[in-house]
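Chemist: The following comprises the amino acid sequence and a computationally predicted model.
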Amino acid sequence: MMKAKNRAMLFILVVVLLIGLFAVKTLWNAGQFKSIRPVSLYKCAPVPGFPGPEDVVIDRETGTAYISYTDRRAAMEGGAHNAGIISYSLTAPGAKPVKVRTDFKGVFTPHGIHLYTASDGTKLLFAINMGMDSHFFESTGSSTVEIFALAGGVLRHRATISGKELSSPNDILAVGPRQFYISIDHGASSVWGKKLENYLQLPISYVLYYDGREFHKAAGGIVYANGIALSPDGSTLYVGATVGRKVHVYTRDRGSGALTERESVPVGTGVDNLDVDERGVVWGGCHAKLLSFVAHSKDPAELSPSEVVRIRPLEKGGYKVSTVYQNDGSELSGSSAAAAWGNRMLVGAVYEGRFLDCSLQPGKTHDDAER
């Protein structure tokens, strides 16, 4: 009898220990033990007016930024919500964000966006449209990809691309007038399946390639595939793994669209959207503490530390990762995107009613962050 009780006690202790170790591992991998010290090579000013400015792209020819926004808190409550695309000039002094007019007739709640210039000079904006989804982490299958021609300050709708493959889309990268890559951030389909996928850090999310007619799986084995971006020469594709806290690097076949993983770059933070500047440097808006971001998504009073990383390709191979901005969330909570143009940088957020317009501080260079 005594031996049976001892075995039962030992079993209970082992279970409790394993649960404790799993809890500590989860907190560690989510960055909850990370020390958040204020870092900024930039002087940043808030630009209010639109809720949930989640993704940012910059037209480098005109110096105009386009930002997707959705009032996610209102959407999650099931009520009417403000959503669309705004433009913001980086060249006009005192510029204000302006909602871009569109002739699209349906429900438009944009998430990831990308700007593509066609061979005839037409500028096309690709947008993931979450449609009627009321919760942006629990897709109901109504998501589509909308393609717009940007002309005269108006988004003129050209095409809607739908399919069962768009189960949980997050970010998009256009490589042709109808061709694009899209990150599917969860391989699981149910609400509980997605939660388990996140907390167990299962590498089952992936990237799809749309060749203009149908979808193909281009890359897999990613722990929460999120931001996606392309090098200026079109040969290297980057995918951010939010829960994996790394950036996957792929060699891209321009003809077939096939991707071959080359390496992964640990960044030590929850990478969200990615952007590549004209020099080939990768910028990422990041969630420094993932569980704090989850709390912030439920309660605006809960701060979620924001971080921007800069990932510079090295001449002899590899990458140099540096933090150019970090804040406890009091300036901006839940940073989701960072896009740079010259000495300017814009930082978006998932839930906040503002984004940041940042200018490199006098006397500062990006080398200061790499020391």
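Modeler: Looks like it came in fine.

Chemist: then stretch 96-108 to PDB, C-alphas only?
Modeler: The C-alpha atoms that make up stretch 96-108 are tabulated as PDB, following Å, rounded to 0.1, in the frame of the first residue of the first chain:
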ATOM      1  CA  LYS A  96      -2.000  64.600 -42.300                       C
ATOM      2  CA  PRO A  97      -3.100  61.100 -43.000                       C
ATOM      3  CA  VAL A  98      -6.000  60.900 -45.500                       C
ATOM      4  CA  LYS A  99      -8.400  58.100 -46.300                       C
ATOM      5  CA  VAL A 100      -8.000  56.900 -49.900                       C
ATOM      6  CA  ARG A 101     -11.200  56.800 -51.800                       C
ATOM      7  CA  THR A 102     -12.200  53.500 -53.500                       C
ATOM      8  CA  ASP A 103     -14.900  52.200 -55.800                       C
ATOM      9  CA  PHE A 104     -14.900  48.800 -54.100                       C
ATOM     10  CA  LYS A 105     -18.500  48.000 -53.200                       C
ATOM     11  CA  GLY A 106     -18.200  45.200 -50.600                       C
ATOM     12  CA  VAL A 107     -17.000  45.000 -47.000                       C
ATOM     13  CA  PHE A 108     -13.400  46.100 -46.900                       C
END
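
Chemist: Any buried residues in it, and which?
Modeler: For stretch 96-108, a neighbour-count test (16 or more other CB atoms under 10 Å) marks P97, V100, T102, F104, F108 as buried. All C-beta spots, glycine's among them, are computed from the backbone N, C-alpha and C.

Chemist: Kindly report the same for stretch 325-345.
Modeler: Residues of stretch 325-345 classed as buried: 325-329, 331-341, 344-345 (neighbour count, 16+ other CB under 10 Å).

Chemist: Tell me which stretches of the stretch 101-250 of the chain form strands.
Modeler: Remark: strands assigned in the stretch 101-250 of the chain by DSSP state E, counting those that start in this stretch are 101-102, 110-117, 123-129, 144-151, 154-161, 169-174, 180-184, 205-210, 215-222, 225-230, 236-241, 246-252.

Chemist: Show me the one of those strands that comes nearest L360.
Modeler: Taking CB to CB, strand 225-230 is the member of those nearest to L360, at 21.1 Å.

Chemist: what's the most centrally placed residue in the chain sitting at in phi/psi?
Modeler: Nearest residue to the geometric centre of the chain (CA atoms, centre = their mean): N273, 2.5 Å. Phi and psi for N273, reported as degrees, to the nearest 10, are phi -70, psi 150.

Chemist: In this structure it contacts Y238, no?
Modeler: No: counting by CB atoms under 8 Å, N273 sits too far from Y238 to count as a contact (11.0 Å).

Chemist: which residues do those two both contact?
Modeler: G227 (CB atoms under 8 Å, 6 or more residues apart in numbering).

Chemist: Mind telling me the two of the buried residues of stretch 96-108 farthest from one another?
Modeler: Checking the buried residues of stretch 96-108 with CB to CB, the most distant pair is P97 and F104, at 19.2 Å.

Chemist: Could you list the low-pLDDT ranges of the stretch 1-150 of the chain?
Modeler: Applying pLDDT under 70 to the stretch 1-150 of the chain picks out residues 1-35, 80, 132-141.

Chemist: all helices for it, in order.
Modeler: 2-29, 72-76 (DSSP state H, counting those that start in this stretch).

Chemist: Contacts only, for the closest residue to Y210 other than its chain neighbours.
Modeler: Once flanking residues are discounted, Y210 sits nearest to F180: 5.3 Å by CB to CB, 6 or more residues apart in numbering. By CB under 8 Å, 6+ apart, F180 lies in contact with H114, F126, V145, I172, L173, A174, Y209, Y210.

Chemist: Is the fourth one bridged to anything, and to what?
Modeler: Applying DSSP bridges to I172 gives these bridge partners: I182.

Chemist: okay but it is in contact with L124, surely?
Modeler: No: judged on CB under 8 Å, I172 makes no contact with L124 at a distance of 11.5 Å.

Chemist: pretty sure V281 is in contact with V308, am I right?
Modeler: No: using CB under 8 Å, V281 is not in contact with V308; the gap is 12.0 Å.

Chemist: Looking at those two now, which is surrounded by more residues?
Modeler: Legend: neighbour count by other CB atoms under 10 Å for V281 and V308, higher for V308 (29 against 18).

Chemist: Any figure for the gap between the more buried one and N327?
Modeler: Applying CB to CB, to the nearest Å, the value for V308 to N327 is 9 Å.

Chemist: likewise R158?
Modeler: For R158, the distance to N327 - CB to CB - is 39 Å.

Chemist: Contacts only, for G52.
Modeler: Y69, T70, D71, R72, R73, A83, A349, V350, Y351, E352, G353.

Chemist: try 10 Å this time
Modeler: Contacts for G52 (CB atoms under 10 Å, 6 or more residues apart in numbering) come out as 67-75, 81-83, 109, 111, 136, 334, 336, 348-353, 355.

Chemist: Check what pLDDT the residue nearest to the centre of the chain gets.
Modeler: Listed pLDDT for N273 reads 98.

Chemist: who's in contact with it?
Modeler: N273 makes contact with 54-57, 68, 111-113, 170-171, 183, 226-229, 240, 242, 283-286, 335-339, 348, 350 under the criterion CB under 10 Å, 6+ apart.

Chemist: returning to that earlier point: give me the pLDDT value at the residue nearest to Y210.
Modeler: On the pLDDT scale, F180 gets 98.

Chemist: any idea how far it lies from G131?
Modeler: 18 Å.

Chemist: Does K364 touch L41 like I think?
Modeler: Yes: counting by CB atoms under 10 Å, L41 is a contact partner of K364 at 4.8 Å.

Chemist: Mutual contacts of those two, please.
Modeler: V324, N343.

Chemist: Comparing the two, which residue is more hemmed in?
Modeler: Higher neighbour count among K364 and L41: L41, with 22 against 16, using other CB under 10 Å.
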